[in-house]
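Participant: When you get a sec, could you give me coordinates for this:
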Amino acid sequence: MTSADGTGSYLPESASSVAPVAQMGEMLPDGLVVVGGDRRIRFANSEALRILECERADLEGRPLDEGLPLTDKYGRDWWAHTDPWNGLSSRPGHREKLLVAPKGHDVLVTARYIRTDPDGVVARVMLGLRDAEARQRAERDQATVLSTVAHELRAPLTSVTGFTSSLLRRWERFTDEQKRLMIETIEADATRLTRLITELLDISRLDSDNLNLRRGPVDLHALLSKHVVRYELGRSTGTVRLQLGTQATAEGLPEMWADTDRLEQIFFNLIENGLLHGDGRVTVTLDRGAELGDSPESVVVEVDDEGDGIPPADREKIFGRFWHGPSNASTGLGLYVVRGLVEAHGGTVHVCDSDAGGARFVVRLPAGLPEAFGS
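Facilitator: I've put the predicted structure just below:
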C-alpha cells in the first residue's frame, strides 16, 4: 500500500519500506525525522541526531510528544499547537519555524504532511531540521552592524546639528575665531561620517566580491608624502614620519599600477590605527621588495608605532570585522577594509613586532606597469 500527498508523490506505508527512506535520508545535508500515522517516530538520520544532541534510541519508536517535545518561543507545546493530524486537510505542512529542542537549544524546523489521498488523513510527517547557530550568528552580525552604525553616526551628527543650529541662530554673538573653530569641527565630523559610510560600502562590496578598482600609474612616495603633510598640519610636528628603506634609497622605487583612492584609504587607516592605538610617533617606511608571485618586483610599506604591540594570539583577529581591542575605541572596520583592499590589489598585509617595541603592519604590493605601457 502506498500513500500520496497532494502533488502525486508516493511514500510506502509498510514498516519494511522505511529502509529505503533511511538510505536516502542519510544522504541529505539537513536533519530528517519521519513520523508515522500512529504519531511514533519511525526514523531519524544522523544529522538530525547531531542537531538534537541525542541517540537513535531516544527517538525511534517513541511517541512524538515524548521523543521530540518541541516548544515555540512562548513555551507552548508545538505539537499541541500545530496538531498535524486534526487540522485542515488542505494544510501541506508548515514553513520553517524557530523552535526550542529538548536540550534547550534553538532548531529550525520545517514539516511536510503526507496524506493517503488529497483529503485523507496524515499518514506521515516529514520533519526537516537545521541547526540555528549559523543563522543566529548572521543575525547577531547584522545587529552588530546596526548598533555600530547607529553609535558612530549619532555622535558626529549631534555635533554637526548642534554647531550649525548655534551658528544660524546666534551668528552675531560669536567671534570670528569661534566661528572658525565650529566650522572646522563640522568639517571634521562630516569627514568622519563620509569615511564610515565609505567603509561600510566597501565591506558590502568586499563580501559580495563586487569591488571595482580604477587602476592607473601611482607614485606611492608622493601619495604617502601628502599623508604626512596632512598630519603635520593637524597634529604636532613629528607625529608621522616617512622614510625610504635602504634598497629604495639606493635604487629608487619601481612604478606601480593601482587604484590611487584605495591606496590612500589603506594607508590612512593604517596610520590612524597607529596614532589611535599606539603611542609616540608613527613611522612609515617605503622600500623595494622581493619577487611577489608573477611580478618581478614589489613595493613594501611598513607602518610602525611605539605602543604596546599586538599579542601573537590576536594578530589574525584584528583583521576581522568589528574586532575591537581592549580600548574599544574604534569601529572595528578599518583593518578589515585594509586587508580586503590590499588583497584586491594582489598584495598581502600582516602584523608583527616593530623595532620600537610596538606593532608593525607590513603591506606588500605588486609593482610594475601593464605590458601595454612598454618598458
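
Participant: Can you list the residue ranges for strands in this structure?
Facilitator: With strands called from DSSP state E, the chain shows them at 2-4, 10-12, 31-36, 41-44, 93-100, 106-115, 122-131, 216-218, 240-244, 256-258, 282-289, 298-304, 348-353, 359-366.

Participant: quick one: which of those is nearest Gly67?
Facilitator: The closest of the strands of the chain to Gly67 is strand 41-44. By Cβ to Cβ, the value is 4.9 Å. (C-beta placed from N, C-alpha, C; glycine too.)

Participant: Each with direction, which strands does that closest one pair with?
Facilitator: Sheet neighbours of strand 41-44, with direction, are listed as strand 31-36 (antiparallel) (DSSP bridges).

Participant: circling back to that earlier point, let's have the strands of the chain in CSV, adding mean pLDDT, distance to Leu146 and mean neighbour count.
Facilitator: Supplementary listing: those in CSV, determined by pLDDT from 0 to 100; distance: least, Cβ to Cβ, whole Å; neighbours: other Cβ atoms under 10 Å:
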stretch, mean pLDDT, distance to Leu146, mean neighbour count
strand 2-4, 40, 47, 16
strand 10-12, 40, 44, 14
strand 31-36, 91, 31, 22
strand 41-44, 90, 38, 22
strand 93-100, 89, 20, 14
strand 106-115, 91, 21, 20
strand 122-131, 90, 24, 21
strand 216-218, 90, 36, 15
strand 240-244, 89, 34, 16
strand 256-258, 90, 33, 22
strand 282-289, 90, 32, 21
strand 298-304, 92, 31, 24
strand 348-353, 92, 28, 17
strand 359-366, 92, 29, 22
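
Participant: what's across from the nearest residue to Ala111 once chain neighbours are set aside in the sheet?
Facilitator: By the measure of Cβ to Cβ, 6 or more residues apart in numbering, the closest residue to Ala111 outside its immediate chain neighbours is Gly93, 4.3 Å from it. Applying DSSP bridges to Gly93 yields these beta-bridge partners: Arg112.

Participant: quick one: low-confidence parts of this protein?
Facilitator: Applying pLDDT under 70 to the chain flags residues 1-21, 144-145, 148-149, 151-152, 230-238, 290-296, 322-332, 372-375.

Participant: can you tell me which residues contact the spatially most central residue of it?
Facilitator: Centroid check for the chain by Cα atoms, centre = their mean gives Arg321 as the closest residue, at 5.4 Å. Residues touching Arg321, when contacts are defined by Cβ atoms under 8 Å, 6 or more residues apart in numbering, comprise Asp141, Ile203, Gly332, Leu333, Tyr336.

Participant: From the residues you listed, which land in helices?
Facilitator: Filtering the contacts of Arg321 for membership in helices, criterion DSSP state H, returns Asp141, Ile203, Tyr336.

Participant: Same list, those residues, but as TSV with neighbour count and distance to Leu157 please.
Facilitator: Written out in TSV, the entries for the ones in helices among the contacts of Arg321 read as follows (neighbours: other Cβ atoms under 10 Å; distance: Cβ to Cβ, whole Å):
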residue	neighbour count	distance to Leu157
Asp141	12	24
Ile203	18	20
Tyr336	22	23
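
Participant: want to throw those into TSV with distance to Gly37?
Facilitator: Converted to TSV, the ones in helices among the contacts of Arg321 look like this (distance: Cβ to Cβ, whole Å):
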residue	distance to Gly37
Asp141	42
Ile203	51
Tyr336	53
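
Participant: just the residues you listed now: which is nearest Gly67?
Facilitator: Top of the list for closeness to Gly67, among the ones in helices among the contacts of Arg321 and by Cβ to Cβ, is Asp141 at 34.2 Å.

Participant: The closest residue in space to Asp202 that isn't next to it in sequence: what's it in contact with?
Facilitator: Spatial nearest neighbour of Asp202, chain neighbours left out: Val337 (5.1 Å); criterion: Cβ to Cβ, 6+ apart. Taking Cβ under 8 Å, 6+ apart as the contact definition, Val337 lies against Glu199, Asp202, Ile203, Leu206, Gln265, Asn269.

Participant: And the residue lying closest to Val100 once chain neighbours are set aside, how far from Gly128?
Facilitator: Nearest non-adjacent residue to Val100, counting by Cβ to Cβ, 6+ apart: Thr71, 4.8 Å away. Here the distance between Thr71 and Gly128 works out to 18 Å (Cβ to Cβ, to the nearest Å).

Participant: Next: Asp202.
Facilitator: With distances defined as Cβ to Cβ, the gap from Asp202 to Gly128 amounts to 37 Å.

Participant: before we move on, what about Asp355?
Facilitator: 58 Å.

Participant: same deal with Val351?
Facilitator: Where Gly128 is concerned, Val351 sits at a distance of 44 Å (Cβ to Cβ).

Participant: Then Gly357?
Facilitator: As judged by Cβ to Cβ, Gly357 and Gly128 stand 56 Å apart.

Participant: What of Leu181?
Facilitator: Distance check for Leu181 against Gly128: by Cβ to Cβ, it reads 63 Å.

Participant: count of residues packed around Glu251?
Facilitator: The local packing of Glu251 (other Cβ atoms under 10 Å) involves 11 other residues.

Participant: Please give me every residue in contact with the spatially closest residue to it that is not a sequence neighbour.
Facilitator: Nearest residue to Glu251 in three dimensions, chain neighbours excluded: Arg288, at 6.4 Å (Cβ to Cβ, 6+ apart). Neighbouring residues of Arg288 by Cβ under 8 Å, 6+ apart: Gly245, Gln247, Ala248, Glu251, Leu253, Pro254, Glu297, Ser298, Val299, Val300, Ala367.
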